[in-house]
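1. task: produce atomic coordinates for the following.
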Amino acid sequence: MPSISVLKEAQTERVTQRQVSKTAQPVAEKERIGSIDVLRGFALLGILPMNIQYFSMISAAYDNPTAYGDLHGANYWVWLWCHALADQKFMTIFSMLFGAGILLMTGRIEATGKASAVLHYRRMGWLILFGLAHAYLLWSGDILVAYGVCGLLVYLFRKLQPRTLLVLGLLTIAVASASLSLYGQWSRHWSSSEVQIAREQLWMPAPSQVAKEIAAYRGNWTTQMKVRVPNSVQMETTFFMVFTFWRVTGLMLAGMALFKLGVFSGKQPASTYWTMIAIAVCYGIPITLYGTHRDFASGWDFRYSFFYGTQFNYWASLLVSLGWVGAIMLASRAAALLPLTRRLAAVGRMAFTNYIMHTIICTTIFYGHGFGLFGKVERVWQFAIVVAIWFVQLIVSPIWLKHFLFGPLEWLWRSLTYLQWEPLRRNSAMLGET
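-> Down below sits the predicted model:
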C-alpha cells in the first residue's frame, strides 16, 4: 500500500493541477471561432484602401477628395468605389469585432469562476500604450488608442441583453451624428474669417499649408514630427471627443449584441445573411452614392459637405458593413472558398501585427525616411500598392502561423497582459505540453 506521505503528495498535486486549470490563460487555438478570424482578416485588408490615402496624401484629402490629387478617369472610379464599399465600412466591422472579442476573452475567464476585470484593464492599458507609440512615432491615423479607451468603458456593459446592447449602441452612434449637425447649425453664426479658418484647417488647406505638410512628410523622421504630433493630438482629443469615441463605443456595443445573437459565429441561417447583403445592396450603397452626388452638386462646400454631406455615408456604412458580414459568413461555409478563407483567417489571427505592418510598409514607401513618395502617387496607383500588400499578407501570414502560435505583436501583447512569457514557436509549445 502507498504510504500516507505519498497519498498526501498525490492529493496536493491534484489540487495544484485544478488551481492551474483555473488560472486565466490566453485562448487556445482550438477554441478560436474560425468565422470571426476570417471576418477580422477581411476587415483588416479592407481598411487599407482608405488608410493608404492618409499615408500617401495630405490629411484633408481623406474626407475631401477635391483637396488634393487628380479626381478624373480611373482615379475618380478608384476613389468612388473605395468610398462606397470601404470608407467607414471596415472600421465599423473591426470595431464590432473588438466588442465581440471583449466578450470572448472575459466570458472564458469568468466561466472558470475568476474575475476578468484586472486582465481586461491591463490588456486595454497596454493597447493604449502601443497606440500612443504608433500615433506619435509612426503615423497619426492610429485607431488603437481609441479602441483601448473605448474598451475600458464598454466592458461594463458586457452582460446586458442583445436588444439592450443594440439600442444603446445605436443611440451612442447617433451622438456623433447629432454633434456634427449641431456644429453645422452653429457655423451659421460664424464670421467669414472664422469660416475660412475652419475650412483651411479641416477641409481645404491653403497652398502654403499643403506645401508644409508635403515637405514635412518628405523629410526625415524628426521633420515629420512637426506635423505628426499636432495631428495625433487633434485626433486623440477634439476629434476623439466629438466623433471617434461615440462611433467606436456604439459599434463595440453593437458588436457584443451581434456576437450574442450568433451573427459573427455563423450560427444564423443563410437567409439572414442573404438579407443583410440585400439591405446593403438595395439601401446602404445607394444612400452612400446619393450622398456623394449631393457633395459634388454642392461643389464640396465646407459647411454642407463637412457637417451634413458626411451624414449619408455615416449611417449607410452601418448597412454596407452588415452586408460584408453576411457575405463573409456565407463564404466561411463554402468549401470551394476554403483556400482563401484559411488565408484570411491567418491574416485575422495576426491582425495587430499586420495592422502595424501596414504602417511600416506605407510610411517606408511614402515618407522621407524611405522612398519619399508622399503626395506623388495617384489614387489608382495607391490601390495597386494596396493589392500588392494584400497579396503579401495573404501569403506570409499562413506561413508564419505554420511555425508560430501567434503573430509577434499578438505574442507580446498576450505576454504583457498575462504577465508571463507565452510560448511562441509551435515546437516549443508542444515540448512544453509533454
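2. model confidence over the host helix or strand of V195, on average?
-> Assigned by DSSP states H and E, V195 belongs to helix 192-202. Averaged over helix 192-202, pLDDT sits at 92.
3. how about the helices in the stretch 251-400 of the chain?
-> For the stretch 251-400 of the chain, the helices defined by DSSP state H, counting those that start in this stretch cover 270-279, 285-297, 310-333, 338-349, 351-366, 379-403.
4. which positions within the third one qualify as buried?
-> So that's helix 310-333. For helix 310-333, the neighbour count (16 or more other C-beta atoms under 10 Å) marks 310-332 as buried. Placement of C-beta: from N, CA and C, glycine included.
5. and it, what does it pack against?
-> The helices and strands touching helix 310-333, judged by 3 or more C-beta pairs under 8 Å, 6 or more residues apart in numbering; DSSP states H and E, are helix 34-56, helix 73-85, helix 89-110, helix 162-186, helix 270-279, helix 285-297, helix 338-349.
6. now it: how far from the chain's centre is it?
-> Relative to its parent chain, helix 310-333 has a centroid offset of 14 Å by C-alpha atoms, centre = their mean, to the nearest Å.
7. low-scoring stretches of the stretch 251-400 of the chain, by residue?
-> Regions of the stretch 251-400 of the chain meeting the criterion pLDDT under 70 are absent.
8. can you name the residues that contact the nearest residue to G323 once chain neighbours are set aside?
-> Once flanking residues are discounted, G323 sits nearest to A280: 2.3 Å by C-beta to C-beta, 6 or more residues apart in numbering. A280 makes contact with 319-324, 326, according to C-beta atoms under 8 Å, 6 or more residues apart in numbering.
9. and the helices of the stretch 251-400 of the chain as TSV, adding distance to L127?
-> Below are these laid out as TSV (distance: least, C-beta to C-beta, whole Å):
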stretch	distance to L127
helix 270-279	29
helix 285-297	30
helix 310-333	22
helix 338-349	17
helix 351-366	9
helix 379-403	21
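10. for A135, which of those helices is the nearest?
-> Nearest to A135, of all the helices of the stretch 251-400 of the chain, is helix 351-366, at 10.0 Å by C-beta to C-beta.
11. give me the contact list for the closest one.
-> Outside helix 351-366, the residues touching it (C-beta under 8 Å, 6+ apart) are 40-41, 44, 47-48, 51-52, 55-56, 134, 138-139, 144, 217, 347, 369-374, 377, 385, 389, 393, 397, 407-410, 413.
12. for PyMOL, what selects the buried ones among those?
-> Those of the contacts of helix 351-366 that count as buried under 16+ other C-beta under 10 Å are selected in PyMOL with:
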select buried, resi 40+41+44+47+48+51+52+55+56+134+138+139+144+217+347+372+373+374+377+385+389+393+397+407+409+410+413
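13. how close does F296 sit to I214?
-> 26 Å (C-beta to C-beta, to the nearest Å).
14. which residue of the two possesses the greater neighbour count?
-> A count of neighbours by other C-beta atoms under 10 Å puts I214 above the other of F296 and I214, at 17 against 13.
15. with A61 as the reference, measure out to the more buried one.
-> Distance, I214 to A61, by C-beta to C-beta: 11 Å.
16. what do you get for S208?
-> 16 Å.
17. the two: which is more packed in?
-> When neighbours are counted by other C-beta under 10 Å, S208 and A61 differ, and A61 comes out ahead with 22 against 8.
18. can you verify that one is assigned to a helix?
-> Yes. Counting by DSSP: H, G, I helix; E, B strand; the rest coil, A61 is located in a helix.
19. per-residue confidence at the residue nearest to it when sequence neighbours are not counted?
-> Counting by C-beta to C-beta, 6+ apart, A61 lies nearest to Y68, which is 4.1 Å off, once chain neighbours are set aside. Looking at Y68, its pLDDT is 96.
20. any figure for the gap between F98 and A336?
-> Applying C-beta to C-beta to F98 and A336 gives a distance of 30 Å.
21. so the two - more neighbours on which side?
-> Neighbours per residue (other C-beta under 10 Å) separate F98 from A336, with F98 holding more: 24 against 8.
22. which residues touch that one?
-> 147, 151, 252, 255.
23. how many residues are close by the first one?
-> By other C-beta under 10 Å, 23 other residues sit near Y147.
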